[in-house]
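A.B. asks: starting from these lines, generate the structure:
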Amino acid sequence: LMAVQGILMCVLRRVAAVDQNLASAIESGLDDATNLAEEMKVALGEEAPSGEASEALRTIERLRAGILGAPPDGTD
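C.D. replies: As a prediction, this is how the structure comes out:
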């Protein structure tokens, strides 16, 4: 899983550097992934494995920072 995340981050970082429109599309995709993870967290409620949804959100934000440089709110 760590290898796939590393590959994804490095490839998308290079794609984002090519064109601002591509960077915007990648950022929108990361926003969509965040929204999906939040919706799944709410939908699963107490049935969700402990911390799994929160870890998914953290992973998405780490990828966002690695690809685009910073989280959307400008904090780490």
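
A.B. asks: starting at the chain centroid, how far to stretch 54-74?
C.D. replies: Distance of stretch 54-74 from its chain centroid, counting by Cα atoms, centre = their mean, to the nearest Å, is 5 Å.

A.B. asks: how about it: buried residues?
C.D. replies: Of the residues in stretch 54-74, 56-57, 60-61, 63-64, 67-68 count as buried by neighbour count, 16 or more other Cβ atoms under 10 Å. The C-beta positions use only the backbone N, C-alpha and C, and glycine is treated the same way.

A.B. asks: redo the residues you listed as TSV? Include secondary structure.
C.D. replies: Shown next, in TSV, are these (DSSP: H, G, I helix; E, B strand; the rest coil):
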residue	secondary structure
56	helix
57	helix
60	helix
61	helix
63	helix
64	helix
67	helix
68	helix
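
A.B. asks: okay, which residue is most central for this protein?
C.D. replies: Residue closest to the mean C-alpha point of the chain, counted by Cα atoms, centre = their mean, is residue 60 at 2.4 Å.

A.B. asks: any idea of the mean pLDDT in the longest helix anywhere in the chain?
C.D. replies: In the chain, ranked by residue count with DSSP state H as the criterion, the top helix is helix 20-44. Across helix 20-44, the average pLDDT comes to 93.
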